[in-house]
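# Any chance you can model this:
(3 chains)
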Amino acid sequence: MTKPLVLRGGRVVDPSQGRDEIADLIVENGAITGSGRNQGAPDGAEIVDCAGLVVAPGFIDVHCHLREPGREDVETIASGARAAAAGGFTAVCAMPNTDPVTDNQAAVGFIVRQAQRARAARVYPIGAISIGQKGETLAEFGEMVGAGAVAVSDDGKPVASAQLMRSALEYARTFGIPVADHCEEPTLAKGGAMNEGLVSARLGLKGIPSEAEEIMAIRDILLARRTGGHVHLCHMSTRGSVELIRWGKERGIGVTAEVCPHHLSLTESEVEGYDTNAKMNPPLRTADDVAALQEAVKDGTIDVIATDHAPHHYDEKEREFADAPNGIVGLETALAVNVHWLVASGIIDLATLIERMSCAPARIFRLPGGTLRTGSPADVTVFDPTETWNVDPAQFRSKGRNTPYAGRTLTGRVHATIVGGEIIHRLAR
Amino acid sequence: MTGPLGKDLLALEPLTAEQINLVLDTAEPFKEISERAIKKVPTLRGATIVNLFFEASTRTRISFEFAEKRLSADTVNVAASGSSVQKGETLVDTARNLEAMRIDMVVIRHGASGAAQFLADRIESNVINAGDGTHEHPTQGLLDLLTLRDHFGNLAGVKVCICGDVLHSRVARSNIWGLKKLGAEVAVCGPRSLMPNAIDELGVTVLHRIEDAIQWADALNILRLQLERMTAGYIPSLREYNRVFGVTRERLDRAPKDVLILHPGPMNRGVEIDSDVADGPHSVILDQVTNGVAIRMAVLYLLAGGNPKLAEAAKGALA
Amino acid sequence: MPPKDPTPVLDARAVERTLQRMADEIVELNDGTEKLVIVGIQRRGVQLARRIVSLIAEREGVEVPSGALDITLYRDDLQTVGPRPVVGPTDLTADINGRRVVIVDDVLYTGRTVRAALDELADFGRPARIALAVLIDRGGRELPIHADVVGKKVDVAPGERIDVLVKELDGRDAVVLARREEPA
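Modelled structure (predicted):
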């Protein structure tokens, strides 16, 4: 049994209860057992001084790539779970585009077991929509859910067939899980390396138009309306997508959506100089898209901020832009990017940020956590919302180093991450 | 020490009008060298240059090779086929190997946009972009500018229309930047499916019909239509392309003035340009080829003076 | 320190007289004007060569073929001093094979320019003889080169430099000693 904890004197911000106050938080036997001012300490408790720090329900990332099985040289479930903990995440959802694809209960069970062994952040598997992510035959949702899957997705390989997406939305209703879709119309996006626009025209890189995402976003929303299912739209990147989601939500359609920190902070101009660390899919868009996405995070049109953490071996990115793989690591910079570009700049308040990074992900994916209510599992993140630090990828716990934020000074730093009452990450001083 | 163009020539977009004019002015005396019986000066004696061609290109490679040899440099040609490039060696490994062999200059042609910059960022040698993907082809842009300047004297206010597949053309991009910097008016003409979506934002006029382009322009720079654009669904057929966008004698005859004809080659006669236009009295297509050698000599000359390694070596030899 | 006024070495009339004498010496050296070709080195050597050609024409009634050499591409210091921004034209339309070529330059100093000019001439043909005529010989040779015809010998102290001005480029004819600008 782990020692009891007292998180002393922090600013407890818990949007699930509408709380924002200076208080102590008592943790015993892996659960939150008390909270309030001047709480006594249980026998043998470790006192953690949280003065000046924010105590929040643990962050949950509903979208990351942990590469195991298949590319353990790039990331493992253990290294990914430690990176998550360092970034303040108490739980992450692992996308199924591994090798082999996570498309059956054995594969799902493997991830669950590897995660338990890692003793870091919790890892929830997401199962594939189709066998082998081939877009043909539905995978066995029921068995995968039974083994621990929390959602299904063919992320990385968009579901091209509208009929298959319709069936997935209908079939998933039995199990109460969302169908998470990577919205990308494959013929429009084919060969694209960045956002289509002035920068792509200048650099001579094939562009991916916004419409490649928006066409699939509205398809999915319309299919959710038809089926009554729950579609979760991954990593939205355009103003048009935001407008379509808003349209769907206004009509009570079962659509939720996520956005990545990089799409809330950076634009296509990062690609100048052919920097492959600015290459991801969907691509970085325009300043107008960034503004629309920030607004959507503020007003709740977009429910969740998720990282799309996608580690790559360093020399895979060290090549011609068009041939470099998509994706950046995100677990260890997400909080700071969000605080820096959204909170410190006054676009949203801390409570909204915590809602989007913790409460909403728990609610939408029906996961434990996302709250500091007494009796809840003690998944807690402690961070300093004003501390600045320099991003040095060499210090990452992730095996991936590919980030466009290297060398930047960001605001907001994780001090401690607590999972099930155990401190799994402490900021080294 | 950095020369007047910097370490590398990667693109015309970042150059100033002064830098572009310097290359054009420097090319003038180099034209004369190619007219001599002994077409060679000792300027780059002892410098080693690698022509690294990841894409087949006969004319650009030969043009660079003549330029290098006429400046007395030692040159090695590396073609993609038959080299380690085909065995899966990455560009970064190729770069490291060149660096290890103490090459002074690298001329690179590559199918990926940004490949020349990728190399330039990783090696000390001077890098000259001989065409990277659909990005830029700066020496082609410069030789087009020189050919236009030979004819018009000064490019300010001269109306140049770039015709054809602008979307996939590195020649088009280099021309647009170079022409605009020297004060020319630039238009593009071709099927909209072969134009970048953001073409208007590049500061050029978009003309939809070739007849309008011929009416408007003092000079047409007619791009090669890559035959694979058809199968990729950009245009229906070569026959229709020639009917709608082909530069023909008949269309030129209706122009209010003589229109100068440029083409970067190789030409598809009967597709984007008819033979009697290509071989006609206002065609300067072969002058472009002649100017190509002079421009490349000028670029090599201007970059060589800025090579720190060569500078050290030369100092040592003098001491 | 304010720059000292340049000290005159030759004024316009003295330049004229000196060129006349040099023209006479060139004709004398080559036993007349037959097979003679006068080649100036860019830039001021070209103007001086043209003057000599017209002075010879006045006295001998013969227009001697002439040309211009730009030796920039034959210099041995490209890598140390960087490229000369603008390379001037070389214009050698006259056939120099078997001819008696006289190279004309304004100042003879280290000899490196003349060395480069000899290299360049060799690429155009094989003259029967090459001679060198300079308006000013300021000493300080770094190569075994000497002038056959010299307008005036001038001792130049360290920290001084000699400037030849020609009216075509500088508005007046003169030779002056000036203080060398300190390197920045």
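# Can you point out the buried residues in the host helix or strand of residue A:24?
Per DSSP states H and E: residue A:24 is located in strand A:19-28. For strand A:19-28, burial by neighbour count (16 or more other Cβ atoms under 10 Å in any protein chain shown) applies to A:19, A:20, A:23, A:24, A:25, A:26, A:27, A:28. For the C-beta atoms, the positions are set from N, CA and C on the backbone; glycine is no exception.
# That one - contacts with which helices or strands?
Contacting strand A:19-28 under the criterion 3 or more Cβ pairs under 8 Å, 6 or more residues apart in numbering or on different chains; DSSP states H and E are the following elements: strand A:5-14, strand A:31-36.
# just to revisit the earlier point, and the buried residues of strand A:19-28 as TSV, adding pLDDT?
TSV is the format used below for the buried residues of strand A:19-28 (pLDDT from 0 to 100):
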residue	pLDDT
A:19	96
A:20	97
A:23	96
A:24	96
A:25	97
A:26	96
A:27	97
A:28	96
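# Measure how buried residue 161 is and give me the count.
By default, I'm working from chain A. 12 (other Cβ atoms under 10 Å in any protein chain shown).
# You answered for a different chain; I wanted chain C.
With neighbours defined by other Cβ under 10 Å, the count for residue C:161 comes to 16.
# Kindly confirm my reading that it is in a helix.
No. Checked against DSSP: H, G, I helix; E, B strand; the rest coil, residue C:161 lies outside a helix; its state is strand.
# average pLDDT across the biggest helix by length in chain B?
With secondary structure taken from DSSP state H, chain B has its longest helix at helix B:285-304. In this model, helix B:285-304 has a mean pLDDT of 96.
# which other helices and strands contact it?
Here helix B:285-304 touches helix B:17-33, helix B:58-70, strand B:105-110, strand B:126-132, helix B:138-152, strand B:260-262, helix C:78-81, going by 3+ Cβ pairs under 8 Å, 6+ apart.
# where does the closest residue to chain C within chain A land in three-state SS?
In chain A, the residue that lies nearest chain C is residue A:273 (26.6 Å; Cβ to the nearest Cβ). Following three-state DSSP, residue A:273 is assigned to coil.
# so the residue nearest to it when sequence neighbours are not counted is in which element?
Closest residue in space to residue A:273, ignoring its immediate chain neighbours: residue B:117 at 6.8 Å, by Cβ to Cβ, 6 or more residues apart in numbering or on different chains. Counting by DSSP H and E, the element that carries residue B:117 is helix B:115-122.
# who's in contact with that helix?
Helix B:115-122 is contacted from outside by A:273-274, A:319-321, B:7-8, B:10, B:54, B:91-92, B:94-96, B:99, B:106, B:108, B:110, B:127-130, B:132-133, using Cβ atoms under 8 Å, 6 or more residues apart in numbering or on different chains.
# quick revisit: pull the distance from the longest helix of chain B to the chain's centre.
Centroid separation for helix B:285-304 versus its chain: 10 Å, with Cα atoms, centre = their mean, to the nearest Å.
# and the angle from that helix to strand B:126-132?
Orientation note: helix B:285-304 sits at an angle of 150 degrees relative to strand B:126-132 (axes from the mean of the first three to the mean of the last three Cα atoms, to 10 degrees).
# Chain A contacts on the stretch 51-200 of chain B?
The stretch 51-200 of chain B has residues B:90-92, B:110, B:112-115, B:117-118, B:132-136, B:170, B:173, B:196-199 near chain A, with proximity defined as Cβ under 8 Å from any Cβ of the partner chain.
# any weak-confidence spans in the stretch 301-429 of chain A?
Residue ranges of the stretch 301-429 of chain A with pLDDT under 70: none are present.
# for chain C, same thing?
C:1-4, C:79-86, C:181-184.
# Next, count neighbours for the closest residue to residue B:164 other than its chain neighbours.
Once flanking residues are discounted, residue B:164 sits nearest to residue B:223: 3.5 Å by Cβ to Cβ, 6+ apart. The tally of other residues near residue B:223 (other Cβ under 10 Å) stands at 24.
# show me the contacts for residue B:223.
Counted by Cβ under 8 Å, 6+ apart, residue B:223 has contacts B:162, B:163, B:164, B:165, B:166, B:169, B:171, B:172, B:190, B:263, B:264, B:272.
# The first one contacts residue B:221, doesn't it?
Yes. With contact defined as Cβ atoms under 8 Å, residue B:162 counts as touching residue B:221 (4.9 Å).
# thinking again about what came up before, quick one: contacts of the strand holding residue A:24?
Residues contacting strand A:19-28 (Cβ under 8 Å, 6+ apart): A:4-14, A:32-39, A:41-42, A:45, A:55, A:350-351, A:372, A:378, A:380, A:418, A:421.
# Mind doing that once more with 7 Å?
Strand A:19-28 has contacts (Cβ atoms under 7 Å, 6 or more residues apart in numbering or on different chains) with A:4-9, A:11-13, A:32-37, A:39, A:42, A:55, A:351, A:372, A:378, A:380, A:418, A:421.
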